[in-house]
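Enquirer: Let me see the structure of the following:
(2 chains)
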Amino acid sequence: MGNITNEGLILACSAIGAGLAMIAGIGPGIGQGNAAGQGAAAVGRNPGAKGDIMSTMLLGQAVAETTGLYGLVIALILLFANPLLGKL
Amino acid sequence: MAGILAADADFMIHSLKKLQILGQEVYLTTTHVSLLIVCVGLIVFALIVRMTLKDTEKPSGLQNAVELIVETLDGMVKSSMGKHATRYRNYIGTLFLFLLISNISGLVGLRPPTADYGVTFPLGIITFILIQYNNIRWNKFGAFTDLFKPIPVLFPINLIGEIAVPFSLSLRLFGNVVSGTVIMALIYGLLSKFAFLWPGALHAYFDIFSGAIQTYVFCMLTMVFITQKIPEDN
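Expert: Reported below is the predicted structural model:
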């Protein structure tokens, strides 16, 4: 185990960290599915308001997506602009 | 990070030319080029429309389509800002067209300008300034005391909530566009032997659908944030 360089260790751990950061995608998935389901139910109850329901649902989904995108940004930073490599 | 990814799949911002401005190293990047193409395209389109504009009862052809676009954008601003719409429809309309063309410019082989955080963050800053301008204009000193409501202990949280707005707005747009760019680059770079016809469906989703939704969301959130700082009775 003596042949792992410092840089290699950081790169490997960053790759694992990037994968873990993408677990954040679970939350927005559940949230967006919930919003879409409620939207479908609302259209079923009141088909006339389809346009309003659609835009409200998309807006809510896009806001719910933000937390997942934070995870994506962390993963991208770890992979392509790793701040830890500079600390060696 | 010269791994397999960086070699085969190309989605990074490249610097084209190095400039020295006031002792600082400044790079002209692919973002600048695609930004310039988008802006020049929009300006040329606007000039062409302006020159062919005629004052008739029944517009036809290009003028008809442009009037439809303008009326749709004005209607969108009107529906969420009410009577304050007249002050903001120019900005929101411009923002909408710019973001839409930027987001779907991946279709013609450009790297979308909005896939660079340096483009989306200034847009978030503009929104932040508009929000705080309206906050101070309509609430006067209340803009400051609102931070201490409902209880003074929440002041730090309220302050962070105000400051986080431009970051969340710009990161949302950036994250969506850059994820599409990365996935398309991975497909063309790593699956280049199999990539025929079916990436079109992914282009339709990532570039057109996602781009249009994010454009709409950015404009909508800007309008909502501005409007909620204006008191109801005004």
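Enquirer: Chain B: helices as residue ranges?
Expert: B:4-8, B:30-52, B:62-81, B:85-104, B:117-139, B:142-145, B:155-190, B:199-203, B:210-228 (DSSP state H).
Enquirer: residues contacting residue B:230?
Expert: The contact partners of residue B:230, taken as Cβ atoms under 8 Å, 6 or more residues apart in numbering or on different chains, are B:84, B:134, B:138. The way it works is simple: take the backbone N, C-alpha and C, and place the C-beta from them, glycine included.
Enquirer: re the thing from before, of the helices of chain B, give the one that comes closest to residue A:50.
Expert: helix B:62-81 (15.3 Å; Cβ to Cβ).
Enquirer: tell me how far that closest one is from the chain's mean position?
Expert: On the basis of Cα atoms, centre = their mean, to the nearest Å, helix B:62-81 sits 18 Å off its chain's mean C-alpha point.
Enquirer: Outside of the helix or strand containing residue A:13 itself, list whatever touches it.
Expert: Element membership for residue A:13 (DSSP states H and E) is helix A:6-21. With contacts defined as Cβ under 8 Å, 6+ apart, helix A:6-21 is touched by A:71, A:72, A:74, A:75, A:76, A:78, A:79, A:82, A:84, A:85, A:88, B:1.
Enquirer: would you say residue A:54 is within a helix?
Expert: Yes - under DSSP: H, G, I helix; E, B strand; the rest coil, residue A:54 falls within a helix.
Enquirer: That one contacts residue A:42, correct?
Expert: No - the pair residue A:54 / residue A:42 is not scored as a contact, 9.8 Å apart, by Cβ atoms under 8 Å.
Enquirer: More neighbours: which of the two?
Expert: Between residue A:54 and residue A:42, counted using other Cβ atoms under 10 Å in any protein chain shown, residue A:42 has the larger neighbour count: 17 against 13.
Enquirer: Make sure the more buried one is actually in contact with residue A:52.
Expert: No - using Cβ under 8 Å, residue A:42 is not in contact with residue A:52, being 9.3 Å away.
Enquirer: From residue B:125, how far off is residue B:117?
Expert: For residue B:117, the distance to residue B:125 (Cβ to Cβ, to the nearest Å) stands at 12 Å.
Enquirer: For the residue in chain B positioned nearest to chain A, which non-adjacent residue is spatially closest?
Expert: In chain B, the residue that lies nearest chain A is residue B:175 (3.2 Å; Cβ to the nearest Cβ). Closest residue to residue B:175 apart from its sequence neighbours, by Cβ to Cβ, 6 or more residues apart in numbering or on different chains: residue A:69 at 3.2 Å.
Enquirer: wait, doesn't the one you found sit right on residue B:173?
Expert: No - counting by Cβ under 8 Å, residue B:173 is not a contact partner of residue A:69; they are 9.2 Å apart.
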